[in-house]
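**Student:** Compute the structure for the input listed below.
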Amino acid sequence: MKTNFKTKCNSNNFISLSKILFLTIIMIVSFTFFLFFKFSNQIGKNIIQISEVEINKITFGFITNKLNHDLFNKETLKDILIITKNKNDEILYVDFNFDVAYQVLDNISNTLTSSFKELENGSIDIAYYDKNGSHKTNGLILNIPIGTILKNNYFYNLGPKVPVKVNFVGSVLTNLETKITNYGLNNALVEVFVFIEFHNQIMAPFATKDMTFKYDAVIASMMIEGKVPSFYNGTISKTSEIHSENLEN
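**Tutor:** Next comes the predicted model:
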């Protein structure tokens, strides 16, 4: 009876130890997966944040380079505006010649749309705008050093590089705005701005994000005779209709 009792106790102890070992392994595996996903998620967020900065820098330089003076004809820009004055030579109203404005916006949108496609397919060298950029089929690749996730300048270029794919999606939206302000005794300064908006999709190994890029710049300025009446507070502005060109066509 004593032997049987000892055997039974040893058997119970073995089962208890097996259960404890099994539960311990489960907890270790679960905790490991938890840390892995948490770490991966944090890496993904950091890479996306860094990629946003990089793609904004690339896009700003790219658009600034493309919006050169060859895109705009001074005579055409003069014809964009229709300015109405009263008998005292005060500027009462400013409007767009929408046919001319549409031609200008269509020219800008077509130029940017075709240029973005060339940038994606490798016809334009991305290295000119970013030394870590490269190309693959149907996409622009940013090669982000893994050391950047530490957010420390000393480690920025350390470690392997993580490929982050960037696609230009949706449409290029453009519109014009004019601003007329008093300038001197009996003169007004006329400025023509272009506003550009489009979307990027960033795809990192552990995260994906859609982002919107907005850009504005003065494309023309000129002096005209006349002044803005005081009831306009010294400024008259006018915004054109939005022009859209699909990036995915």
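**Student:** Let me know whether residue 140 touches residue 119 as I believe.
**Tutor:** Yes. Contact criterion CB atoms under 8 Å: residue 140 and residue 119 qualify, at 6.3 Å. (Glycine included, C-beta is placed from N, CA and C.)
**Student:** So which residues of the chain form strands?
**Tutor:** Here the chain has its strands, by DSSP state E, at 81-85, 91-96, 133-136, 139-145, 161-182, 187-204, 207-225, 235-239, 243-246.
**Student:** which stretch among those comes nearest residue 59?
**Tutor:** Of all those, it is strand 207-225 that lies closest to residue 59, at 5.4 Å by CB to CB.
**Student:** That closest one: which residues count as buried?
**Tutor:** 207, 209, 213, 215, 219-220, 224 (16 or more other CB atoms under 10 Å).
**Student:** Give me the below-cutoff pLDDT ranges for this protein.
**Tutor:** 1-17, 19, 21-22, 29-42, 68-78, 135-139, 147-159, 248-249 (pLDDT under 70).
**Student:** I figured residue 85 hits residue 226, correct?
**Tutor:** Yes. If you go by CB under 8 Å, residue 85 and residue 226 touch, sitting 5.6 Å apart.
**Student:** intersection of neighbour lists for those two?
**Tutor:** Residues touching both residue 85 and residue 226 (CB atoms under 8 Å, 6 or more residues apart in numbering): residue 91.
**Student:** more neighbours, those two?
**Tutor:** With neighbours defined as other CB atoms under 10 Å, residue 85 and residue 226 compare such that residue 226 has more, 19 against 14.
**Student:** how much space between the residue nearest the centre of the chain and residue 24?
**Tutor:** Nearest residue to the geometric centre of the chain (CA atoms, centre = their mean): residue 213, 3.6 Å. For residue 213, the distance to residue 24 equals 51 Å [CB to CB, to the nearest Å].
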